[in-house]
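K.L.:
this one's sequence-less:
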């Protein structure tokens, strides 16, 4: 009987593990799209404020920085939640 690869557990289904990793990849691609979308949304909101108040380019610059900040906080919170969930799973406390 050949030795088991590192990180392999006999009660782990390789197909289920591969499917989980594929979903994980799509989820993280979605985080990148959300990051870009937030920046663009706040950029256009800043341009709209500039047109209304005649304050070019202050609204645009603030919009970009606010969008990037909001996207970063959202991304950080999601990644930390995923890390905590993976750590609980690794310690054997279930998939929650």
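P.N.:
That came through fine. What you see is a predicted model, and the numbers here were worked out from it, not measured in a lab.
K.L.:
nearest residue to the residue nearest the centre of the chain other than its sequence neighbours?
P.N.:
Geometric centre of the chain, nearest residue: residue 31, 3.4 Å, by CA atoms, centre = their mean. Sequence neighbours aside, residue 75 is the residue nearest to residue 31 in space, at 5.3 Å (criterion: CB to CB, 6 or more residues apart in numbering). Backbone N, C-alpha and C define where each C-beta goes, glycine included.
K.L.:
per-residue confidence for the one you found?
P.N.:
If you check residue 75, the pLDDT there is 91.
K.L.:
which residues touch it?
P.N.:
By CB atoms under 8 Å, 6 or more residues apart in numbering, residue 75 lies in contact with 31, 34-35.
K.L.:
helices - which of those land there?
P.N.:
In this view, the contacts of residue 75 that belong to helices under DSSP state H are 31, 34-35.
K.L.:
now distance to residue 23 too, for these, in a markdown table please.
P.N.:
As requested, the ones in helices among the contacts of residue 75 are exported to a markdown table (distance: CB to CB, whole Å):
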| residue | distance to residue 23 |
| --- | --- |
| 31 | 13 |
| 34 | 16 |
| 35 | 19 |
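K.L.:
this structure: helices as residue ranges?
P.N.:
Using DSSP H, helices in the chain cover 14-53, 58-90.
K.L.:
any stretches of this protein with poor pLDDT?
P.N.:
1-12, 94-96 (pLDDT under 70).
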